[in-house]
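A.B. asks: Sequence and predicted model, in that order:
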Amino acid sequence: MRPLDEKETTLVFDKLYKLVGNNLQKIVMENPSYEGPDLNPGRYCFRLQKNRVYYVSESLVKRATNIKREKLVAMGTQIGKFTKGDKFHLTIQGLNLLAANAKHKVWLKPTSEMSFLYGNSVLKGGVGRITENIQVNDGVVVYSMADVPLGFGVAAKSTQDCRKMDPNGIVVHHHADIGEYLRMEDEL
């Protein structure tokens with residue numbers, strides 16, 4: 001497990017910034033870690049292991065140095081992975097981190113939740129609420145009406161355009177959802 005290099009850090013931060021905006025500073029700098037024997041809170045950092053990026057406390061990284069790299073399976077919360085083409089994709093395991101710091105949110109009606117959890121995009125007819133000031137291609141975290149995070153995606157329309165469109169128009173393009181734990185359990 002090693003720290004991200006400059007290129008990898010830029011790719012990860014660009015993708016996270018799409019979803020959390022200026023709250024990225026909270027994730028990187030201001031989120032204290034109370035793990036381990038230290039009385040003073042530590043910080044979280046990003047580490048790379050076998051093309052997967054993990055969000056992990058520094059105290060846990062120090063304790064993991066006793067384990068051989070090839071024996072270490074995972075550590076912390078996986079937030080994404082690098083493809084063979086050196087692109088970074090966020091994975092569903094980082095949803096709790098993203099949901100706690102999300103800039104743009106969409107809440108689904110109960111009738112549309114299952115469709116989203118099966119991997120379909122969010123239609124206008126299934127939107128219960130939507131935050132203001134969403135622009136096209138902004139990252140969006142999708143919630144149920146009970147405020148349970150279901151996944152995330154990219155806005156297909158701005159908030160203003162959503163109000164004018166027909167019920168069958170796409171509002172959010174699907175990227176990941178919690179149904180992936182069942183659909184793709186071998187790959188996770």
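C.D. replies: Everything's here; your move. For clarity, every value in this text was computed on a predicted model and none was experimentally measured. Residues are numbered from 1 along each chain as shown.
A.B. asks: switch to C-alpha atoms for all contacts and neighbour counts from now on
C.D. replies: Fine.
A.B. asks: Please enumerate the helices of the chain.
C.D. replies: 6-20, 24-25, 58-64, 95-100, 110-117, 159-164, 180-183 (DSSP state H).
A.B. asks: neighbouring contacts of the fourth one?
C.D. replies: The one in question is helix 95-100. 19-20, 79, 141, 149, 151-152 (C-alpha atoms under 8 Å, 6 or more residues apart in numbering).
A.B. asks: Could you take the helices of the chain and lay them out as CSV, with extra columns for mean pLDDT, mean neighbour count and distance to residue 88?
C.D. replies: CSV is the format used below for the helices of the chain (pLDDT from 0 to 100; neighbours: other C-alpha atoms under 10 Å; distance: least, C-alpha to C-alpha, whole Å):
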stretch, mean pLDDT, mean neighbour count, distance to residue 88
helix 6-20, 93, 17, 6
helix 24-25, 88, 16, 17
helix 58-64, 83, 15, 22
helix 95-100, 92, 19, 16
helix 110-117, 93, 17, 22
helix 159-164, 90, 14, 27
helix 180-183, 77, 13, 18
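A.B. asks: re earlier: any chance of the contacts of helix 95-100 in a markdown table, plus distance to residue 187?
C.D. replies: Shown next, in a markdown table, are the contacts of helix 95-100 (distance: C-alpha to C-alpha, whole Å):
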| residue | distance to residue 187 |
| --- | --- |
| 19 | 24 |
| 20 | 26 |
| 79 | 14 |
| 141 | 22 |
| 149 | 22 |
| 151 | 18 |
| 152 | 19 |
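A.B. asks: Indicate which one of the helices of the chain is closest to residue 124.
C.D. replies: When the helices of the chain are compared by C-alpha to C-alpha, helix 159-164 sits nearest residue 124, at 6.9 Å.
A.B. asks: how far does the helix or strand of the chain with the lowest mean pLDDT sit from the chain's center?
C.D. replies: Lowest by mean pLDDT, DSSP states H and E among the helices and strands of the chain is strand 32-33, with a mean of 70. A distance of 19 Å separates the centroid of the chain from that of strand 32-33, by C-alpha atoms, centre = their mean, to the nearest Å.
A.B. asks: same deal with stretch 45-60?
C.D. replies: Its chain's average C-alpha position is 15 Å from that of stretch 45-60, according to C-alpha atoms, centre = their mean.
A.B. asks: Between the two ends of that stretch, how far is it?
C.D. replies: For stretch 45-60, the first-to-last residue distance is 10 Å (C-alpha to C-alpha, to the nearest Å).
A.B. asks: can you check stretch 158-175 too?
C.D. replies: With C-alpha to C-alpha as the measure, stretch 158-175 spans 17 Å from end to end.
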